[in-house]
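[1] Build me a structure from this.
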Amino acid sequence: QVQLAESGGGLVQPGGSLRLSCAVSGFTLDYYAYGWFRQAPGMEREGVASISSSDGSTVYADSVKGRFTISRDNAKNTVYLQMNSLKPEDTAVYYCATSVGLSLLSWEYDFWGQGTQVTVSS
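    Numbers count the residues shown, from 1 in each chain. Here you go, the predicted structure:
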């Protein structure tokens, strides 16, 4: 059974950093692309970052470019999202998900985790 479990969320001050982790079980990490999404209250789910299965190519939403970094450790079956210079508008529930290819479109993703809350506030 495919399972994704996010962790690492929490409360952080503006300008701070957090690293989210997504532990994957039920299949081998190598063959799939992964994405991080976020959803704030009353807003649609937004693609934040994606990393390919083949060559580690990445794509980011303009709103996080230069501040967030997605990475993967196939040996640990874990995908990460390093978030720096956090802003209040980054506050949301963050989800990881799997796809067959690099994408920021939520409908191209098949399996999702339960999400982890990130709150950026002073």
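[2] rest of the way, CA atoms for contacts and neighbours
    Will do.
[3] Quick check: chain neighbours aside, which residue is closest to the most centrally placed residue in the chain?
    Nearest to the geometric centre of the chain sits residue 36, at 2.4 Å (CA atoms, centre = their mean). Ranked by CA to CA, 6 or more residues apart in numbering and with sequence neighbours excluded, the top spatial neighbour of residue 36 is residue 96, at 4.5 Å.
[4] Quick check: phi and psi on that neighbour?
    Here is the backbone geometry of residue 96 (degrees, to the nearest 10): phi -110, psi 160.
[5] Tell me who's in contact with it.
    4, 5, 6, 22, 34, 35, 36, 37, 112, 113, 115 (CA atoms under 8 Å, 6 or more residues apart in numbering).
[6] ok, 10 Å please
    4-6, 20-24, 34-38, 47-50, 79-81, 109, 111-116 (CA atoms under 10 Å, 6 or more residues apart in numbering).
[7] Where do the strands of this structure begin and end?
    3-7, 10-12, 18-25, 33-39, 46-51, 58-60, 68-73, 78-83, 92-99, 109-112, 116-120 (DSSP state E).
[8] before we move on, back to that, pull the contacting residues for the residue nearest to the centre of the chain.
    Residues near residue 36 by CA under 10 Å, 6+ apart: 20, 22, 46-51, 60, 70, 79-81, 94-98, 104, 106, 112, 115.
[9] burial count for the closest residue in space to residue 50 that isn't next to it in sequence?
    Closest residue to residue 50 apart from its sequence neighbours, by CA to CA, 6+ apart: residue 35 at 4.1 Å. By the measure other CA atoms under 10 Å, the count of residues near residue 35 is 33.
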